[in-house]
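Chemist: Here is a sequence with its predicted model. Questions after.
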Amino acid sequence: MESMFEDDISILTQEALGPSEVWLDAPGDPSLGGDMCSASHFALITAYGDIKERLGGLERENATLRRRLKVYEIKYPLINDFGEEHGFSLYEIKDGSLLEMEKVSLQQRLNQFQHELQKNKEQEEQLGEMIQAYEKLCVEKSDLETELGEMLGRVS
């Protein structure tokens, strides 16, 4: 990515000034000491170079991170529980709609789980009723077998 600040250090030299402009703290200015001006000028140039170097490094790092993010977005798209694939762009993340979409998705899942829970409770109640009916039938069968045994004992 090209830097937004591609200008050169020439802005800190007198040659960068127009012909009618005057360099106020020029080394030849008698009101200031020559050593002070050159040290100040050197410090400005050094600071500008350092800042420009850091900016370039940060821009390279930013470009690298953006490329990695794109790769991850392609490699690992967000898939919700309903099997729908969502590829979210950086703009959706910035404006908060991603959070809103996630909230809606979680609300749908919650509703689905509540519905399944209600269904499971109903099935559990039905199963309980069936177990009670089976136990009653087993008791009746046992009673009938006992009565049959008694009747066969009388017949013989």
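Modeler: Yep, it's here.

Chemist: Could I get the pLDDT score of Glu6?
Modeler: Glu6 is assigned a pLDDT of 51 by the prediction.

Chemist: actually Glu124, not the one I typed
Modeler: pLDDT, Glu124: 94.

Chemist: Which element, helix or strand, includes it?
Modeler: Using DSSP states H and E, Glu124 maps to helix 97-155.

Chemist: what's the answer for Leu44, then?
Modeler: Using DSSP H and E, Leu44 falls within helix 34-75.

Chemist: tell me the mean pLDDT for that helix?
Modeler: The predicted model gives helix 34-75 an average pLDDT of 85.

Chemist: before we move on, what about stretch 108-119?
Modeler: Stretch 108-119 comes out at a mean pLDDT of 93.

Chemist: do the same with stretch 127-144
Modeler: Stretch 127-144 shows a mean pLDDT of 94.

Chemist: Please identify the buried residues of that stretch?
Modeler: Judged by neighbour count using 16 or more other Cβ atoms under 10 Å, stretch 127-144 contains no buried positions. Where you see a C-beta, it was placed from the backbone N, CA and C, and this is true even at glycine.

Chemist: Output that stretch in CSV with nothing but the alpha carbons.
Modeler: Output in CSV follows, covering the C-alpha atoms of stretch 127-144 (Å, rounded to 0.1, in the frame of the first residue of the first chain):
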residue,chain,number,x,y,z
LEU,A,127,-44.1,-41.6,28.5
GLY,A,128,-45.0,-41.3,32.2
GLU,A,129,-48.6,-42.0,31.5
MET,A,130,-47.7,-45.0,29.3
ILE,A,131,-45.5,-46.4,32.0
GLN,A,132,-48.3,-46.1,34.6
ALA,A,133,-50.7,-47.8,32.2
TYR,A,134,-48.2,-50.6,31.6
GLU,A,135,-47.7,-51.1,35.3
LYS,A,136,-51.5,-51.3,35.8
LEU,A,137,-51.7,-53.9,33.0
CYS,A,138,-48.9,-55.9,34.6
VAL,A,139,-50.8,-55.9,37.9
GLU,A,140,-54.0,-56.9,36.2
LYS,A,141,-52.2,-59.7,34.3
SER,A,142,-50.7,-60.9,37.6
ASP,A,143,-54.1,-60.9,39.2
LEU,A,144,-55.7,-62.7,36.3
